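Visitor: have a look; sequence and predicted model below, questions after that.
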Amino acid sequence: MATNQSLENAPEDVKLAVDLIYLLESNDISPEVALKAIDMVRADLLRQVEQGQS
């Protein structure tokens, strides 16, 4: 995404991914720690989806 305008028009999942990458990088989170945390978040979200929550 070359410009801010293209990000504004991006799908919500792309916007969220960019925000998460920025958050991780700006807080100097190592890739290993980030991946462990993402695994935990993914498991929690999958559980919510299975239970019909959003």
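Guide: Yep, it's here. Numbers count the residues shown, from 1 in each chain.
Visitor: CA only for contacts and neighbour counts going forward, please
Guide: Fine.
Visitor: per-residue confidence for the residue nearest to E8 when sequence neighbours are not counted?
Guide: Taking Cα to Cα, 6 or more residues apart in numbering, and ignoring the residues beside it in sequence, E8 has K15 as its nearest neighbour in space, at 7.8 Å. Residue-level confidence at K15 comes out at 97, pLDDT.
Visitor: secondary structure class for K15?
Guide: Judged by DSSP: H, G, I helix; E, B strand; the rest coil, the three-state class of K15 is helix.
Visitor: what is the neighbour count of it?
Guide: Using other Cα atoms under 10 Å, K15 is surrounded by 14 other residues.
Visitor: with the one 3 residues further on instead?
Guide: Close neighbours of V18, defined as other Cα under 10 Å, add up to 14.
Visitor: secondary structure element holding it?
Guide: Taking DSSP states H and E as the definition, V18 sits inside helix 12-26.
Visitor: quick one: list the elements packing against that helix.
Guide: Helices and strands touching helix 12-26, as assessed by 3 or more Cα pairs under 8 Å, 6 or more residues apart in numbering; DSSP states H and E, are absent.
Visitor: picking up where we left off before, how near is the residue nearest to E8 to E32?
Guide: For K15, the distance to E32 (Cα to Cα, to the nearest Å) stands at 22 Å.
Visitor: would you mind writing the CA trace of the helix holding V18 as PDB?
Guide: Included here for helix 12-26 are C-alpha records, laid out as PDB according to Å, rounded to 0.1, in the frame of the first residue of the first chain:
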ATOM      1  CA  GLU A  12     -11.000  -4.000   7.200                       C
ATOM      2  CA  ASP A  13      -8.800  -7.100   7.700                       C
ATOM      3  CA  VAL A  14      -5.900  -5.400   5.800                       C
ATOM      4  CA  LYS A  15      -6.300  -2.200   7.900                       C
ATOM      5  CA  LEU A  16      -6.200  -4.300  11.100                       C
ATOM      6  CA  ALA A  17      -3.100  -6.200   9.900                       C
ATOM      7  CA  VAL A  18      -1.300  -2.900   9.200                       C
ATOM      8  CA  ASP A  19      -2.300  -1.500  12.600                       C
ATOM      9  CA  LEU A  20      -1.100  -4.700  14.400                       C
ATOM     10  CA  ILE A  21       2.200  -4.700  12.600                       C
ATOM     11  CA  TYR A  22       2.700  -1.100  13.500                       C
ATOM     12  CA  LEU A  23       1.800  -1.800  17.100                       C
ATOM     13  CA  LEU A  24       4.200  -4.700  17.300                       C
ATOM     14  CA  GLU A  25       7.100  -2.900  15.600                       C
ATOM     15  CA  SER A  26       6.700   0.400  17.500                       C
END
